[in-house]
Structure formats: C-alpha cells, structure tokens
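# Predicted model and sequence follow; I will ask about them next.
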Amino acid sequence: MNLPEPETLLRQLIEIPSISGEEEAVGNFLQTLLGHLGFHVQPQEVFPGRNNLLATRPGHEPHILLCSHIDTVPPHIPFRETKDRIYGRGACDTKGVITSMLHAGKSLLAEGFQDFGYLFLVGEEVDHCGAIEARKLGLSPTACIVGEPTECKLASGQKGIYKASLHATGVAGHSAYPESGHSAIPPLIEALSRLQNYEWPEEEILGKTSLNIGTLQGGVAANVFAPKAEATILLRLTCPLEDAEKIVEQQVGPDIEIKKISGNDPAHLVTFPGYDVETVAFNTDIPYLGFERNLLYGPGSIKVAHSAGEFIPKTELHEAITTYSDLAKTSQESF
C-alpha cells in the first residue's frame, strides 16, 4: 500500500470519527497503514479498545520521535474541502498534523534516514491518559517532536495549567432573619476577588500567569441563605505548579475547600535558528511524556481547533511535511 497524497489521507482520517474514548477505528486504520509502509507497530493498551501506537523501523532505534494524538473533541464534523482549505473535526487538531508527519517520514526514508519512529496517543483532549501510559514503554529518544497546531511556528515554551474547584459552606435559613443562617456565596466571591486581583508571576519567555474563573454556582432561592457555593478556576501557569497551588491556598483562606482537578508544570522547549518562534498557552502531552528534549510544531491554528469551522490551510499542510523532516534531521545532528 502506498501512502495516499496528503489531501486524500487527511480526508480518510477526518472521515473516521475519533472523539476521546472512541479512538479504536482510527487507531486500527493507522496501525494497518503503518504496517504496510514497513513499520513495526506496537499497540499499547491504555483502556480496552483504546491503544497508543508506537511505530518503528525494524532494526532501528527511534532516536527521533514524531508524536501526536489521535483523539478529537466532540462533536464529529464531516470532511469538507475548498480550493485552499480542508475542514472537519481534527483537520488541524491533529489529523492534519499526523498527515504531515507521515509524509515527512516518507521523505526521511527516501533519504536513508531510518532512526525515527511515530508515537500516536489516545486521550490527549481529556486527561492525557495515553501520554501517561506511554511512559511505561521506557522510551528515551534524542528528541521528541510533538505535533499540535502552532501555525507552522516552533514553540519556545508551553504554559502549565492548574485546574481546581473551590467550595464554600453556609447555613440555610430564611433571608428575612439574618440570625437564622449565613450564605456560602459572599466568602466565595471574596476569595475569587482576591485571586482575580493577585499579581500572578511572570516569566521572561512564557509571560504572565493568567486566571480564568470558569464556573460559579450556589444557592437554591433568593430568599434562602445559600448552604453551598462552588466555582472552578483554571490558571495558565508560567511558574511551577507547586507555587501556584500555594498561592491559591493562601489567597482563598482556610474557610474555602480546594479540590485539585488537574495540573502540570510549564515546559521550556527546544528551538533552532531560522524558524519563527512563539510561546503557546494551550496544554499538550509534553509534560506527561517525561522526555528530556521536546519540540512543539504543527500546521493549522489552535484558534480554530475545537470550533465548528475547524480547518487547515493546504499550504500549511504541505509546508509542515518539509519542516517535520528538517526538524528530525536537525535534532539528530544537534544532540
């Protein structure tokens, strides 16, 4: 089986729904394709029907890993094509990335470069379960090139995240009689205000830590003191996760319960001269893989990923083929 042309391959990938938790079909497609292309493919079960894929050249170590995720956010959106763009769920996040990576591998093989492999992961869009499980493979690549939509720029750094829920407790009572209870809402609002007004840490490359108050809810009626109130917060970190956790604890005070949902440290990434460079605020599998040297690059824009109009420019799809190949060779030569 020959590798289909980029636009054809991307259409085939988009036409296979692969919402997080439902990656089996697209994984089977890629496993078959990679096998026909002469790779040794090792499925790694993360959960039943959900496999990571490690593909290597027989007799060669994967010193350079080309890595991305095969799951998408919901809902599935069918393939659609115009003269300049390809639309559909996963067009840029990250089935376009995978398409460019596979064609870059074709170019590398044509040049006699075989010390590379692919690591395709499940679950990135939800809980990074594939990346966490992949650590058990014991891989130690010279460099890992992770594919996400960066508008064909190399990322110099990736912000970390800290997601938590905050919980306040009151005593229900009739609001006409203040002595009968007290509301959980005011102390929670005050705590959120302190977080909002805090001067969060800045870092030279990554910039400033940012806070988003994502949800806020509490109470049962206007004439009842709210017995409970809760909020969820998400910080995009430029400081260590541990530091952010301590700041949140100090700012909200002892009367607010904090429940950590998820979090990871920021990451500084490998760049090379001659490439456009940017810092990204979105999260990736990089902190969970645990590799020493990581690059982050890909076609398409994160600003349209997850949207109803997700697309990838065809020019970037092809540009990334050359760039992934060049990054693999440069990484091998540099380290």
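Nice, I can see it.
# elements contacting the longest helix seen in the chain?
Longest helix of the chain, by residue count under DSSP state H: helix 314-334. Where contact means 3 or more CB pairs under 8 Å, 6 or more residues apart in numbering; DSSP states H and E, helix 314-334 is packed against helix 6-14, strand 64-69, strand 85-87, helix 95-110, strand 143-147, strand 294-297. In this view, the C-beta of every residue, glycine as well, is placed from N, C-alpha and C.
# can you give me the angle the fourth one makes with strand 64-69?
I take that to be helix 95-110. Orientation check (axes from the mean of the first three to the mean of the last three CA atoms, to 10 degrees): helix 95-110 against strand 64-69 gives 160 degrees.
# CA atoms only for helix 95-110 - export them in CSV, please.
Output of helix 95-110 as CSV, limited to C-alpha atoms (Å, rounded to 0.1, in the frame of the first residue of the first chain):
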residue,chain,number,x,y,z
LYS,A,95,-5.2,14.8,11.9
GLY,A,96,-3.6,17.3,9.6
VAL,A,97,-0.5,17.1,11.9
ILE,A,98,-0.5,13.3,11.6
THR,A,99,-0.8,13.5,7.8
SER,A,100,2.2,15.9,7.5
MET,A,101,4.2,13.7,9.9
LEU,A,102,3.5,10.5,7.9
HIS,A,103,4.6,12.3,4.7
ALA,A,104,7.7,13.6,6.4
GLY,A,105,8.6,10.1,7.3
LYS,A,106,8.3,9.1,3.7
SER,A,107,10.8,11.8,2.8
LEU,A,108,13.1,10.8,5.6
LEU,A,109,13.1,7.2,4.4
ALA,A,110,13.8,8.3,0.8
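# For it, which outside residues touch it?
3, 6, 9-10, 13-14, 30, 33, 37, 57, 66, 68, 70, 72, 86, 90, 114, 116, 118, 120, 147-149, 298-300, 312, 316-318, 320-325, 328-329 (CB atoms under 8 Å, 6 or more residues apart in numbering).
# In it, which residues are buried?
95-105, 107-108 (16 or more other CB atoms under 10 Å).
# Go ahead and build a PyMOL selection from the buried members of the contacts of helix 95-110.
To isolate the buried ones among the contacts of helix 95-110 in PyMOL, judged by 16+ other CB under 10 Å, type:
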select buried, resi 3+6+9+10+13+14+30+33+37+57+66+68+70+72+86+90+114+116+118+120+147+148+149+298+299+300+312+316+317+318+320+321+323+324+325+328+329
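# tell me the contacts of the residue nearest in space to the middle of the chain?
Closest residue to the average C-alpha location of the chain: T284 at 2.9 Å, with CA atoms, centre = their mean. T284 makes contacts with 124, 146, 148, 158, 296, as judged by CB under 8 Å, 6+ apart.
# again, only using 6 Å
T284 makes contact with 146, 148, 158 under the criterion CB atoms under 6 Å, 6 or more residues apart in numbering.
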